[in-house]
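In: fold the stuff below for me.
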Amino acid sequence: MIKEMVSALERRAYKPIFDGLANREDIITCTSSINDEKLRNLLQKEVLGSPEFFYVSGFKTVTKGANIDLYPRYLYSLEEINRLKNECEQRADKLLRRTEGHGEYETALILHDSLAKNVEYVDDRQKQRHTIIGPLVEKKAVCEGFAKAYKYLLNRADMQCLVVSGSAYDPSTGRVDSHAWNLVNIEGEWCHMDVTFDTTIRYLATLRYDYFGLTSSEITRDHTYEERDFPIANNTRFNYYERNHCVIRGKNEFRNFVEERIRNNEMDFVIKLPDDAPDRGLEAKISKIIEESMTDFGVSGEYSTSFNAFQKVFHIHIKRM
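Out: Have a look, this model is predicted:
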């Protein structure tokens, strides 16, 4: 299992590296107490994978006798680093004030919504899109930036959060591409969160939670990663749709749900079908019930649906004429 923090003993041995990076030193010498494998692991996971080291893009290493000299590649000057750090901290503090008095589930939800509402998915090959600078300062990010920003915010809320690197099916392109998302610990249970997918799958102004609080079996329907390297998520109680009674089981329950929404003039809503719902013909069955309900209530107009087949979630929008 990946550890968020190295041991206290290792941390003391690595302190010169962290201090050197904090001071933006051009050369950092590592002592012989750090072997090559641990050093590579440290640099990849604790530095390049850490939201706080947004200003480090890579390293060159040179072995000199018993020591190793690190030559970090920096994205910014020391003055720029300090300015950007302060901007990220101020932005995070502002968002975290919204979570005061809330439990861990609500905190995770509030921060998820803050990113999903305010950050645009932009892949313009700018390096800051992959760091917390993209989402927190410029409000533009790719999946790695979303995942690191979510971890940064949750860690500042004293919650455990991991960045998961793997691949996922992209419905917009029909391809499987490299991807990053999060594992979050809520009340002692791990669950998967993909803020990027919830942001980009949106239709109209309605927020989506198709990837909020998923188990390992649920996320692997369209995501792939080295499961043995991460905690197992097997509790469904943090699944957003389960928790908010949006899982519809059976034709009659769905019809009643749609009719209640029409009766209350709620013409934009999301529902999830149970995992064991048959894959074939779902969209046709859903459409038929919507049409029948609109007819029964004398609603003249048109409707549209957006269907996430992997997670069996429908977004339904009815437009009156």
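
In: would you map the helices across this protein?
Out: 8-22, 36-41, 78-97, 104-118, 133, 143-156, 195-200, 216-219, 240-243, 251-263, 282-296 (DSSP state H).

In: okay if I get these as a markdown table plus mean pLDDT, mean neighbour count and distance to Asn182?
Out: Every C-beta, even on glycine, is put in place using the N, C-alpha and C of the backbone. Formatted as a markdown table, these follow (pLDDT from 0 to 100; neighbours: other Cβ atoms under 10 Å; distance: least, Cβ to Cβ, whole Å):
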| stretch | mean pLDDT | mean neighbour count | distance to Asn182 |
| --- | --- | --- | --- |
| helix 8-22 | 76 | 15 | 23 |
| helix 36-41 | 75 | 13 | 20 |
| helix 78-97 | 96 | 15 | 16 |
| helix 104-118 | 97 | 20 | 9 |
| helix 133 | 98 | 26 | 18 |
| helix 143-156 | 98 | 26 | 5 |
| helix 195-200 | 96 | 24 | 7 |
| helix 216-219 | 96 | 19 | 10 |
| helix 240-243 | 95 | 18 | 14 |
| helix 251-263 | 87 | 15 | 30 |
| helix 282-296 | 86 | 15 | 29 |
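
In: among the ones you listed, which comes closest to Lys60?
Out: Closest approach to Lys60 among those (Cβ to Cβ): helix 36-41, 12.7 Å.

In: dump that closest one to PDB, keeping only the CA atoms.
Out: Written as PDB, here are the backbone C-alpha positions of helix 36-41 (Å, rounded to 0.1, in the frame of the first residue of the first chain):
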ATOM      1  CA  ASP A  36      18.900   4.600  -5.100                       C
ATOM      2  CA  GLU A  37      15.600   2.800  -5.000                       C
ATOM      3  CA  LYS A  38      14.300   4.700  -2.000                       C
ATOM      4  CA  LEU A  39      15.500   8.000  -3.500                       C
ATOM      5  CA  ARG A  40      13.700   7.300  -6.800                       C
ATOM      6  CA  ASN A  41      10.600   6.400  -4.800                       C
END
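
In: mind putting the helices of the chain into CSV with distance to Val163?
Out: Output for the helices of the chain, formatted as CSV (distance: least, Cβ to Cβ, whole Å):
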stretch, distance to Val163
helix 8-22, 18
helix 36-41, 15
helix 78-97, 16
helix 104-118, 14
helix 133, 16
helix 143-156, 5
helix 195-200, 11
helix 216-219, 14
helix 240-243, 20
helix 251-263, 36
helix 282-296, 33
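
In: so for Ala180, which of those sits nearest?
Out: Minimum separation from Ala180 across the helices of the chain (Cβ to Cβ) falls at helix 143-156, 4.3 Å.

In: which strands and helices sit next to the closest one?
Out: helix 78-97, helix 104-118, strand 161-170, strand 175-186, helix 195-200 (3 or more Cβ pairs under 8 Å, 6 or more residues apart in numbering; DSSP states H and E).

In: which residues touch it?
Out: Contacting residues not belonging to helix 143-156 are listed as 51-52, 54, 88, 92, 95-96, 107-108, 111-112, 114-115, 119, 121, 128-136, 141, 160-165, 179-182, 184, 193, 195-196, 199 [Cβ atoms under 8 Å, 6 or more residues apart in numbering].
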